[in-house]
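Chemist: For reference, the sequence and a predicted model appear below.
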Amino acid sequence: MKAAVVTAYGTAPRYLEFPGPKPAGEHEIVVEVLAAGLHPRVRMQADGSHYTSAGSGLPLVPGIDGVGRDADGRLWYFMSLNGTYGSMAERAVIDTRHSVILPAHADPLTIAATLNCVIASWLALTRRVTLRPGQNVLVLGATGGTGRMAVQVARRLGADQVVAVGRDPERLAALPGATATALTGDAETIARTGTEIDIVLDFLWAEPAAKAIAAMVSNRADPTRPLTWVNLGEMAGPRATLPASALRSTKLHVLGSGQGSLASTTMTTEIPAVAAAIADGAYAVEPDPVPLHDVEHAWSLPADSSKRIVIHRL
């Protein structure tokens, strides 16, 4: 079959022949891949920098999820997290126990662009922590594709106030669902707007997270009010230096949400509700479609936080 193939870390995948995957168990089937999102996590997978990359061999087909059609014409959303056979290929083997049949009216491109962006914060707020109606949320990295969806997810799940923090003032101002905004690095505004925040969804980590934590804990109206910091990404870097006083002077809890801290079965359980909401128009990231045979070119395209590149065969 033809596939996007990574032959060396740090180089773009190329459109090459690759051995077709074969079902290995009673719950596995082959699907024709229709669409797969080029998420930041996929770029990290392809350059070997993601924390799950240790031990993964080359060559590999990138892609962590996608939409496929089975022999009976049904559409499936599936995850592909095994390292070698990703979703950016003509065909994929999926485990039906961890995949979801989509509504017949679902658009493969929109699902591939949107579901990964929505499920990240959905899982964080339902499975890693439990957002209670009326609580307040701050999204660090809110102008990225996943961050924009996090603002909407938090409001849909019952958040009272949602503070959006990002680099682009125009995109911040246009964010649906945000009740307040602040620029990344604006410690004064973050401290003021974050005084009664209960949960932070952090897609940046590194220096922006360290500065935001320092600003927020220094200005808590009630230091004993729990502040749960959930890391979902490291777009600003993999390490942050936190002052010990931040952990002692406030009721700060720091945890992560992602592959490993969440089991595949947990993720699968939440996908139907998210997929249905996307199919009904509740969430939408605009897809930027690129044919599979142009995958090498897709890797060179600049990231646009308002869209998501989708590798497709439609």
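Modeler: On my side now, so go ahead. Numbers count the residues shown, from 1 in each chain.

Chemist: Would you mind listing the buried residues in the lengthiest strand in the chain?
Modeler: Ranked by residue count under DSSP state E, the longest strand found in the chain is strand 28-37. Applying a neighbour-count criterion of 16 or more other Cβ atoms under 10 Å, the buried positions in strand 28-37 are 29-31, 33-37. (Each C-beta comes from the backbone N, C-alpha and C, glycine too.)

Chemist: again with stretch 121-136
Modeler: 121-129, 131, 135-136.

Chemist: Please apply the same query to stretch 174-187.
Modeler: Of the residues in stretch 174-187, 175, 177-182, 184, 186-187 count as buried by neighbour count, 16+ other Cβ under 10 Å.

Chemist: Keep only those of the buried residues of stretch 121-136 that are in helices.
Modeler: Among the buried residues of stretch 121-136, DSSP state H puts 121-123 in helices.

Chemist: Show me where the stretch 201-314 of the chain dips below the pLDDT cut-off.
Modeler: Where the stretch 201-314 of the chain drops to pLDDT under 70, the residues are 305.

Chemist: mind listing what Thr143 touches?
Modeler: Counting by Cβ atoms under 8 Å, 6 or more residues apart in numbering, Thr143 touches 164, 166-168, 171-172, 175, 305.

Chemist: filter those to the buried ones?
Modeler: Buried members of the contacts of Thr143, counted by 16+ other Cβ under 10 Å: 164, 166-167, 171-172, 175, 305.

Chemist: From the residues you listed, pick the one nearest Ala221.
Modeler: Nearest to Ala221 among the buried ones among the contacts of Thr143, counting by Cβ to Cβ, is Ala164 at 20.5 Å.

Chemist: if I look at the closest one, how far off is Val31?
Modeler: Between Ala164 and Val31 the computed distance is 37 Å (Cβ to Cβ, to the nearest Å).

Chemist: same deal with His39?
Modeler: In this structure, His39 and Val31 are 19 Å apart, going by Cβ to Cβ.

Chemist: which outside residues touch the helix or strand Glu296 falls within?
Modeler: Here Glu296 is covered by helix 295-300, with elements defined by DSSP states H and E. Helix 295-300 has contacts (Cβ under 8 Å, 6+ apart) with 4, 12-15, 38, 43, 46, 88, 290, 309, 311.

Chemist: how about that helix: buried residues?
Modeler: Buried positions in helix 295-300, judged by neighbour count with 16+ other Cβ under 10 Å: 295, 298-299.

Chemist: go on, stretch 41-48?
Modeler: For stretch 41-48, a neighbour-count test (16+ other Cβ under 10 Å) marks 41-42, 44-47 as buried.

Chemist: Same check on stretch 146-159?
Modeler: Applying 16+ other Cβ under 10 Å to stretch 146-159 flags 146-155, 157, 159 as buried.

Chemist: what sits up against it?
Modeler: 39-40, 114, 116-118, 120-122, 125-126, 131-137, 139-142, 162, 164, 166, 171, 175-178, 201, 203, 232-233, 277, 282-283, 285, 305-306.

Chemist: Please compute how far that stretch lies from its chain's middle.
Modeler: Relative to its chain's centre, stretch 146-159 lies at 13 Å (Cα atoms, centre = their mean, to the nearest Å).

Chemist: can you check stretch 207-223 too?
Modeler: Stretch 207-223 sits 24 Å away from the centroid of its parent chain (Cα atoms, centre = their mean).

Chemist: Check stretch 90-109 too.
Modeler: On the basis of Cα atoms, centre = their mean, stretch 90-109 sits 18 Å off its chain's mean C-alpha point.

Chemist: which residues touch stretch 235-247?
Modeler: Stretch 235-247 is contacted from outside by 40, 141, 144, 203-210, 213-214, 217, 252, 254, using Cβ under 8 Å, 6+ apart.

Chemist: Actually, stretch 27-35.
Modeler: Where contact means Cβ under 8 Å, 6+ apart, the residues beyond stretch 27-35 that reach it are 20-23, 66-71, 75-76, 78, 87-97, 108-109, 111-112, 287, 289, 310-314.

Chemist: got the domain boundaries for the protein?
Modeler: The record's domain parsing of the chain by automatic domain parsing lists 2-101+284-312, 117-256.

Chemist: Start and end of the shortest one, how far apart?
Modeler: By Cα to Cα, to the nearest Å, the extent of domain 2-101+284-312 from end to end equals 12 Å.

Chemist: any weak-confidence spans in the stretch 1-150 of the chain?
Modeler: Residue ranges of the stretch 1-150 of the chain with pLDDT under 70: 53-56, 82-83.

Chemist: Which parts of the chain are helices?
Modeler: Along the chain, counting by DSSP H, helices occupy 40-47, 108-123, 145-156, 169-173, 187-193, 206-217, 244-249, 264-279, 295-300.

Chemist: how much does the first one deviate in direction from helix 145-156?
Modeler: Which is helix 40-47. Angle, helix 40-47 to helix 145-156, by axes from the mean of the first three to the mean of the last three Cα atoms, to 10 degrees: 150 degrees.
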